[in-house]
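*Asks:* Next come a sequence and a model predicted from it.
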Amino acid sequence: MDIQLLELGTGKAAVIKQIDGGYGLKRRLTSLGIRVGQTVRRVGSGPFNGPIVVEVDRARVAIGKGMAIKIFVEELRV
Amino acid sequence: MKILLMGNPNVGKSVLFSRLTGVNVVASNYPGTTVELKRGALKFGSLSAEVIDVPGSYTLDPTNKAEEVAVEMVKEGDVVINVIDATHLERNLHLTLELLEQEVPMVVALNLWDEARHKGVTIDVKRLEELLGVPVVPTVSVTGEGIKELILQIPEARSQPHQRTGDEKWTEIGNIVRHVQTLTHRHHTFRERIEDAAIRPSTGIPLAIVVALLTFGAVVGIGMGLRTFVLLPFFENLVFPPIRHAVTAVIPEGFIREILIGHFGVLIDGIGWPLALVLPYLLAFYLVLAILEDSGYLPRLACMLDTLFHKIGVHGGAVIPFLLGFGCTVSGILSTRILDTRREGIIVVALMCMAIPCAAQTGAIIALLAEKSIVALVFVYLIAFLFIFIAGMALNKMLPGSTPSFLMEIPPYRLPNTTSVAKKVWMHIRTFLFTAVPLIVFGVFIAGILYESGALYHIGILLRPVVVDLLGLPAEASVSLILGIVRRELAITALLGLGLTLGQLVVGAIVALFYIPCAAVLPVLAQEFGLRYAVVIVLSTIVIAFIMGGMLNAAFTVFL
């Protein structure tokens, strides 16, 4: 089942299934390697509903909450 | 011939630029250090070219002002050196393909080659060259490895026109990466777990507080130490006595002698203020800033502060312009180009012009207050931060529009390199010596003339309602409001030696802090945000400075 990236637990990996946003948002995320089909792993977050930090293509990217609720992922079970 | 250095943010373009041209530019470990074009000359054998360091961009479809600058440049270049972060080949190749579509002759510099090797990333350079159709050279700009080979390949630059849609590009990139890159899979190391401590709330918040306290402590400590034990004794014992002696011997008592060595003497305060008072703090601040910048911690701090910053209408990335503003308001304003919207820029710049002291002013504030009372110093900073928060929330409510989400690449930690830190500190010191010091001397000179000619007395009478009645300062303090127009720290130093009470010192410091930033800020504000906004900002700084000072004075009169 797909969940919002926001809901992904720290340390857990997931595959991006869908990005619910316009061209602008998709383009900005894509330019940082966040796109459908990519595997991401949540490595941290900011306090009080702060940005979610994910590892993607061996890089770390911080994604604000407003964007993280528009990214839907499927958690990978190890 | 014009050579453009282009690539994603934080891949080492600026370091490469310094390598190619010998021109030092600021390079840091966070995306968006370079916000304007930097130009330099490259001469190598028969090759002679102008090299332009272009702000980093993820795409040729710009999302902020710094990226717009990048995109506008493409058509102007004769050759593009596309700098790629070898550790993140896939993401970086997107811009490469976009650049190829522009049909400009291109060479690819596969930078951070050492880091890639270290991280277990192997790239088949020959194969990549074949697939892209342009020369590819592995480089390590920090050490200079591969730079000569890169220069030798510049004449071989080729264009390889492709036209693909967005999805086709990613498919193509997938193919390229599959063919050229091999990864040695590793488990997550202990070091990486430690690295992520800064981006987890439970450990990140205490760490941020520790870093903030260490930074403040180091700047104050190093600055005060240098001033008290090195510079002050040096100037007081070795420089000023011979100057006073010589002037007294040569120039008869009177106006000219007073201008030179009297109150606001050009040869005493004109030297002592910039070099013994401001310089130590400037040095301390830029040393600490350089270490923070190069370590890669700042984007992590941005992440920790994002939610708090949203309350004042900006995202966490604004921590970088704010922090640079603590060095110099002008560089702080320029770096707002990395923010996504004009609205964010306006909020940051307004708050910065009012309540963020530049390093020079910090030095002056410390000299004015800390020697009397460290509590007063902390009090002034608390008021400044409280103001930033309250005024920021108000601006966030008043200005139309909303705050964009935070989206930023978090670079790996890197150990700050002594040479590059030293170079950076020296660049800032040099700028200060050549652009700020003459202005300070000029300010002192004007103050001396106003003081000695008696004009200051009349100005004092004119400004009496504000300076004396509202702010509770002596009439001579009005010189602070005049000098403050020239430089931020002069508004403070002008208060030295007036024999103010502690309450008056705090009021004076607050007024000087909120007052007009400095003459150099105005043209930059007008250039970045328009003349109208620049005027609004400057007028508001004056009004708010008087309101804050008046309120404090009233409070002190009642409670003290």
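*Replies:* All right, it came through fine.
*Asks:* Helix or strand: which one has the closest residue to chain A within the stretch 451-560 of chain B?
*Replies:* Closest to chain A within the stretch 451-560 of chain B is B:Glu528: 22.6 Å, counting by CB to the nearest CB. In short, each C-beta sits where N, CA and C put it, glycine included. Assigned by DSSP states H and E, B:Glu528 belongs to helix B:521-529.
*Asks:* ok, now which ones touch the residue of the stretch 451-560 of chain B closest to chain A?
*Replies:* B:333-334, B:336-337, B:345, B:349 (CB atoms under 8 Å, 6 or more residues apart in numbering or on different chains).
*Asks:* which residues touch B:Leu463?
*Replies:* B:475, B:478, B:481.
*Asks:* quick one: A:Glu55 is in a strand?
*Replies:* Yes - read with DSSP: H, G, I helix; E, B strand; the rest coil, A:Glu55 is one of the residues of a strand.
*Asks:* Determine the set of other helices and strands touching the host helix or strand of B:Met551.
*Replies:* Taking DSSP H and E as the definition, B:Met551 sits inside helix B:531-559. Helix B:531-559 sits against helix B:342-355, helix B:374-398, helix B:502-514, helix B:521-529, with contacts defined as 3 or more CB pairs under 8 Å, 6 or more residues apart in numbering or on different chains; DSSP states H and E.
*Asks:* how about a markdown table for these, with mean pLDDT and distance to B:Val466 added?
*Replies:* As requested, the helices and strands packed on helix B:531-559 are exported to a markdown table (pLDDT from 0 to 100; distance: least, CB to CB, whole Å):
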| stretch | mean pLDDT | distance to B:Val466 |
| --- | --- | --- |
| helix B:342-355 | 96 | 18 |
| helix B:374-398 | 95 | 20 |
| helix B:502-514 | 96 | 9 |
| helix B:521-529 | 93 | 22 |
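*Asks:* In TSV: those helices, plus distance to B:Val25.
*Replies:* Below are the helices and strands packed on helix B:531-559 laid out as TSV (distance: least, CB to CB, whole Å):
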stretch	distance to B:Val25
helix B:342-355	22
helix B:374-398	30
helix B:502-514	30
helix B:521-529	18
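*Asks:* Now for residue 63: which residues touch it?
*Replies:* Just so you know, I chose chain A. A:Ile63 makes contacts with A:5, A:29, A:34, A:51-54, A:71, B:405-407, as judged by CB under 8 Å, 6+ apart.
*Asks:* let's do chain B instead
*Replies:* Residues near B:Thr63 by CB under 8 Å, 6+ apart: A:24, A:27-28, B:340.
*Asks:* for the chain, what helix or strand is lowest in average pLDDT?
*Replies:* Assuming you mean chain A. Here the helix or strand of chain A ranked lowest by mean pLDDT, DSSP states H and E is helix A:23-31, holding a mean of 88.
*Asks:* Sorry, I should have been clearer: chain B.
*Replies:* The weakest-scoring helix or strand in chain B, judged by mean pLDDT, DSSP H and E, is helix B:190-195 (a mean of 73).
*Asks:* what's it packed up against?
*Replies:* The helices and strands touching helix B:190-195, judged by 3+ CB pairs under 8 Å, 6+ apart, number zero.
*Asks:* Report the mean confidence score over the very next helix or strand once past it.
*Replies:* Once the chain leaves helix B:190-195, the next helix or strand it forms, by DSSP H and E, is helix B:201-225. Helix B:201-225 carries an average pLDDT of 94.
*Asks:* got any ranges where the chain has weak pLDDT?
*Replies:* In the absence of a named chain, this looks at chain A. A:78 (pLDDT under 70).
*Asks:* meant chain B actually
*Replies:* Across chain B, the ranges flagged by pLDDT under 70 are B:185-189, B:191.
*Asks:* Now do the strands in it.
*Replies:* Taking DSSP state E, the strands of chain B run over residues B:2-7, B:38-44, B:47-53, B:79-85, B:106-111, B:121-123, B:136-138, B:181-183, B:407-410.
*Asks:* quick one, which of those is nearest to B:Val247?
*Replies:* strand B:38-44 (43.0 Å; CB to CB).
*Asks:* now for that closest one, which elements pack on it?
*Replies:* Packing partners of strand B:38-44 (3+ CB pairs under 8 Å, 6+ apart): helix B:13-21, strand B:47-53.
*Asks:* how far does that strand sit from the chain's center?
*Replies:* Relative to its chain's centre, strand B:38-44 lies at 24 Å (CA atoms, centre = their mean, to the nearest Å).
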